[in-house]
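Peer 1: 3D model of this:
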Amino acid sequence: MAGLRQKIGKTLPRGEKWSAKKQALFFKDLAGMLKAGFSIHQAVINLKRAQVKPDEDLIELDEKLQRGISLSQALKKHLQAATYYQLVIAELHGSIEESIEQLGMYLERKNTQKNKLLGLLIYPLFLLVFLFGIVVFMKIFLEPQLRQFEGATYESGFDIRQLGQIMALAILLVLSIYLGKVYCWWRKQKALNRHYWYCSLPLIGRIYQQYCRYYLSFNLAMLLNSGLDLKDICRLLLNFEKKSLFYQLGYELNRQLNQGQDLGAMEQTLIFMPELKHFFELGQTKTEISAQLMLYAKFSYHKLVRQIDNLLALVQPLCFLVIALVIIGSYLSMLLPLYNSLGEMK
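Peer 2: Here you go, the predicted model:
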């Protein structure tokens, strides 16, 4: 436990974080080297030599590994908290090779989905820019002519555009007040409650919960495979940074276990992974539970990928719907006052 506490420290240092693409390429190539039989240090040296112009970060990483610094510590300032903690657990209580392979696979898929999202947004963004140009043209050139045509009726009447502007301002004010109240509530909550809230959000909540299932089940499988029981794992998680999901979950589980509660009574705490209690109720050994959790983690990963792909499939239709509404609103704001004036002329 002391080794883990010393590794993690109080907080993660601030540094230049690697992009998802750079992390994905690094861990994927590193996993390939480790599978070929190279040590971590040898693999980093080969990655550095394979580059025409060696990356300064790889040079720094090589120097740190030569001084006996672990991979997780050497990469600490370049990684997000979730990635760093997974490496720490793998180094102390799991399979570093398998963990690096999983990280490479997950980060590569994440980068692919990010690029897919950008690709889906290019055409709608182009349409929005084109639409903005049309609206500007209507405001600058067409609206003055309509004003001249409508004459005094246009200036004196309370037209629909004024009503639309008032409604838009009212909606914006209500939305701002609501978001402010949500932010104040969010700031007062414990980190674990914030994660519960993330899971309840529409659309992305189920995806976040599925990510937690994959992330927690994979790391829990490694810890169980190293010989730790559930209470040992909870105490180990208390060495992580207090704001992290690991610490918050370990604290809550440890508190409830000390009060004599079993996993079946921890429904709220196990919202990220409600199936966990079933793995421990079968009376199997820690090795068998670990193997089942690892299979569950792989299943959760594939389900997570499908959910994100399904969400991405909705992005373009929603963008087109917004564009259609903007077009309709723009034309109505210009034409309805004109029709109103024509009706009064009759």
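Peer 1: Determine the longest helix present in this protein.
Peer 2: Criterion DSSP state H: the longest helix present in the chain is helix 286-345.
Peer 1: taking the mean pLDDT, what do you get for it?
Peer 2: Across helix 286-345, pLDDT averages out at 79.
Peer 1: residue ranges with poor pLDDT in the stretch 101-250 of the chain?
Peer 2: For the stretch 101-250 of the chain, residues meeting the criterion pLDDT under 70 lie at 142-165.
Peer 1: mind redoing it with 80?
Peer 2: Residues of the stretch 101-250 of the chain that meet the criterion pLDDT under 80 lie in 117, 120-121, 123-124, 127-128, 130-168, 188-191, 226-227, 243.
Peer 1: all helices of it, in order?
Peer 2: With DSSP state H, counting those that start in this stretch, the ranges of helices along the stretch 101-250 of the chain come out as 143-150, 152-156, 160-188, 191-200, 204-225, 230-237, 245-258.
Peer 1: Which strands or helices does the fifth one pack on?
Peer 2: The criterion is 3 or more CB pairs under 8 Å, 6 or more residues apart in numbering; DSSP states H and E, and the helices and strands that helix 204-225 contacts are helix 81-93, helix 96-137, helix 191-200, helix 230-237, helix 245-258, helix 286-345. (Glycine included, C-beta is placed from N, CA and C.)
Peer 1: Which positions within it qualify as buried?
Peer 2: Using 16 or more other CB atoms under 10 Å as the burial criterion, the residues of helix 204-225 that qualify are 207-225.
Peer 1: How about the most centrally placed residue in the chain, nearest residue that isn't a chain neighbour?
Peer 2: Geometric centre of the chain, nearest residue: Y208, 7.0 Å, by CA atoms, centre = their mean. Using CB to CB, 6 or more residues apart in numbering and skipping the chain neighbours, the partner closest in space to Y208 is Y198 (4.8 Å).
Peer 1: Quick check: that neighbour touching G205?
Peer 2: Yes - counting by CB atoms under 8 Å, Y198 does reach G205; the two are 6.5 Å apart.
Peer 1: quick check: domain ranges of the chain?
Peer 2: Following automatic domain parsing, one gets these domains for the chain: 7-79, 109-147+197-346.
Peer 1: just how off-centre is the first one within its chain?
Peer 2: Meaning domain 7-79. 23 Å (CA atoms, centre = their mean, to the nearest Å).
Peer 1: and that domain, average pLDDT?
Peer 2: 82.
Peer 1: Now for E98, how many residues are close by?
Peer 2: Residues lying near E98 (other CB atoms under 10 Å) number 17.
Peer 1: Report the contact partners of it.
Peer 2: A90, M222 (CB atoms under 8 Å, 6 or more residues apart in numbering).
Peer 1: ok, now with 10 Å
Peer 2: E98 sits next to A31, L34, A90, F218, A221, M222, N225, M294 when contact means CB atoms under 10 Å, 6 or more residues apart in numbering.
Peer 1: L128 against V322, yeah?
Peer 2: Yes - assessed by CB atoms under 10 Å, L128 is found in contact with V322 at 8.4 Å.
Peer 1: any chance of the domains of the chain in JSON lines, with distance to A170 too?
Peer 2: As requested, those are arranged in JSON lines below (distance: least, CB to CB, whole Å):
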{"stretch": "domain 7-79", "distance to A170": "40"}
{"stretch": "domain 109-147+197-346", "distance to A170": "16"}
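Peer 1: closest to V174 out of those?
Peer 2: Checking the domains of the chain against V174 by CB to CB gives domain 109-147+197-346 as the closest, at 18.4 Å.
Peer 1: Tell me how far the closest one lies from the chain's centre.
Peer 2: 7 Å.
Peer 1: begin at 39 from here
Peer 2: Understood, numbering begins at 39; the last thing we discussed is domain 147-185+235-384.
Peer 1: L239 contacts W224, correct?
Peer 2: No - with contacts counted by CB under 10 Å, L239 stays clear of W224, the gap being 11.6 Å.
Peer 1: still on that earlier bit, most tightly surrounded among the helices and strands packed on helix 242-263?
Peer 2: helix 119-131 (a mean of 21; mean count of other CB atoms under 10 Å).
Peer 1: Could you list every helix and strand that that helix packs against?
Peer 2: helix 40-46, helix 58-73, helix 109-112, helix 134-175, helix 242-263, helix 268-275, helix 283-296 (3 or more CB pairs under 10 Å, 6 or more residues apart in numbering; DSSP states H and E).
Peer 1: that older thread, tabulate the helices and strands packed on helix 242-263 (JSON lines), appending distance to E54.
Peer 2: Formatted as JSON lines, the helices and strands packed on helix 242-263 follow (distance: least, CB to CB, whole Å):
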{"stretch": "helix 119-131", "distance to E54": "14"}
{"stretch": "helix 134-175", "distance to E54": "17"}
{"stretch": "helix 229-238", "distance to E54": "25"}
{"stretch": "helix 268-275", "distance to E54": "28"}
{"stretch": "helix 283-296", "distance to E54": "24"}
{"stretch": "helix 324-383", "distance to E54": "27"}
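Peer 1: gap between the residue nearest to Y246 and L356?
Peer 2: Computed with CB to CB, to the nearest Å, the distance linking Y236 and L356 is 21 Å.
Peer 1: can you check H316 too?
Peer 2: Counting by CB to CB - H316 and L356 are separated by 37 Å.
Peer 1: again, but for D67
Peer 2: From D67 to L356 the distance is 37 Å (CB to CB).
Peer 1: got it, and L308?
Peer 2: L308 is 33 Å from L356, by CB to CB.
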